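> fold the stuff below for me.
(chains A, B, C and D)
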Number of protein chains: 2
Amino acid sequence: MKNFHPDNNCPVRNVLCRLGDKWSMLVLITLNANGTMRFCDIHKTIADISQRMLTVTLRTLETDGLVSRKVYAEVPPRVEYELTERGKSLIPHIEGLVDWALQQMPGIMESRSQTGTA
Amino acid sequence: MKNFHPDNNCPVRNVLCRLGDKWSMLVLITLNANGTMRFCDIHKTIADISQRMLTVTLRTLETDGLVSRKVYAEVPPRVEYELTERGKSLIPHIEGLVDWALQQMPGIMESRSQTGTA
DNA sequence: CGGGATCCCTCATGATACTG
DNA sequence: CAGTATCATGAGGGATCCCG
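Residues are numbered from 1 along each chain as shown, chains lettered A, B, ... in the order given. So this is what the prediction gives:
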């Protein structure tokens, strides 16, 4: 019997831990769709994220080497974010998931309504 | 500028909402790896999930039509779970993510240690 | 054995205010 | 503009008890 214990190096746990949060994937696909973006731009694009969570999310992605952060020493501070190569390499997999979601959503919605559970 | 607002039908939000929780993907790949499983078996395979969360997770997956639940009217109750066709169709995408995680984990770990963030 | 119901607690997230 | 710091919250999840 195959299992996926949390013990040590389970990649599933690891990837879910990092990408399964509320915002990471959203930030990644946003950056992928728009290229280099400033903090404010990302914030405007993902309107319902708080400033704090955007900062935290970007920092985590930067720590994992998925996003690069470039600070310009200007008077109105400017910081630009973009996907790293590693970040870009993840995009197809996320899009695979998104495509699946798009295809299955109607059936899933129907399934949900049938069982009566919200 | 492309964005992904939460407004109505954003599949990203939807799929993350359902699969980005702590256990769903784990249950899915466990069922995929082992085929039909009893409640107890799943619980033993994913040792650190609470009975409650396993129940909740399975119910949600069942509601979305990703997992089927078969109850046998026997004296020691027996309930068997297995992936539906829709559930199986999701597996490749999850595995894509897992494979990516496996490949990138060393680099990510290195990246994390460099920035000094845990 | 499978799981429903309940209580409780922690952590992730949000809101606000302040700084360089 | 791009954050940091602080405080408040509520939903997710764990532990326990009970039932068919």
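
> with adjacent residues omitted, what lies nearest to residue A:97?
Among residues not flanking residue A:97 along the chain, residue B:93 sits closest, at 4.9 Å (Cβ to Cβ, 6 or more residues apart in numbering or on different chains). Where you see a C-beta, it was placed from the backbone N, CA and C, and this is true even at glycine.

> an error on my part: the question was meant for residue A:35.
In space, residue A:35 is closest to residue A:82, 6.4 Å off (Cβ to Cβ, 6+ apart).

> residue A:32 now?
Nearest non-adjacent residue to residue A:32 (Cβ to Cβ, 6+ apart): residue A:91, at 4.9 Å.

> tell me how far that neighbour lies from DNA strand D.
Counting by Cβ to the nearest atom of the strand, to the nearest Å, the gap between residue A:91 and DNA strand D amounts to 21 Å.

> what's that residue in contact with, if anything?
A:28-29, A:32, A:83 (Cβ atoms under 8 Å, 6 or more residues apart in numbering or on different chains).

> of all those residues, which two lie farthest apart?
A:29 and A:83 (9.7 Å; Cβ to Cβ).

> which stretches of chain A have low pLDDT?
A:1-9, A:115-118 (pLDDT under 70).

> scan it for its longest helix.
When chain A is parsed with DSSP state H, its longest helix is helix A:85-115.

> any bit of it sitting next to DNA strand C?
No. Interface with DNA strand C: helix A:85-115 contributes nothing (Cβ under 7 Å from any atom of the strand), its closest point being 12.1 Å away.

> gap between that helix and the chain center?
Centre-to-centre, helix A:85-115 and its host chain are 14 Å apart (Cα atoms, centre = their mean, to the nearest Å).

> can you check stretch A:107-116 too?
27 Å.

> repeat for stretch A:22-36
With Cα atoms, centre = their mean, you get 6 Å for stretch A:22-36.

> using PDB, list the CA coordinates for it.
Output of stretch A:22-36 as PDB, limited to C-alpha atoms (Å, rounded to 0.1, in the frame of the first residue of the first chain):
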ATOM      1  CA  LYS A  22      -5.000  31.500  -0.700                       C
ATOM      2  CA  TRP A  23      -2.900  33.700  -3.000                       C
ATOM      3  CA  SER A  24       0.300  32.200  -4.300                       C
ATOM      4  CA  MET A  25      -1.000  30.600  -7.400                       C
ATOM      5  CA  LEU A  26      -3.000  33.700  -8.100                       C
ATOM      6  CA  VAL A  27       0.000  35.900  -7.900                       C
ATOM      7  CA  LEU A  28       2.000  33.500 -10.100                       C
ATOM      8  CA  ILE A  29      -0.500  33.400 -12.900                       C
ATOM      9  CA  THR A  30      -1.000  37.200 -12.600                       C
ATOM     10  CA  LEU A  31       2.700  37.800 -13.000                       C
ATOM     11  CA  ASN A  32       2.800  35.200 -15.800                       C
ATOM     12  CA  ALA A  33       0.000  37.000 -17.600                       C
ATOM     13  CA  ASN A  34       1.400  40.500 -17.300                       C
ATOM     14  CA  GLY A  35       5.200  40.100 -17.100                       C
ATOM     15  CA  THR A  36       7.100  42.500 -14.900                       C
END
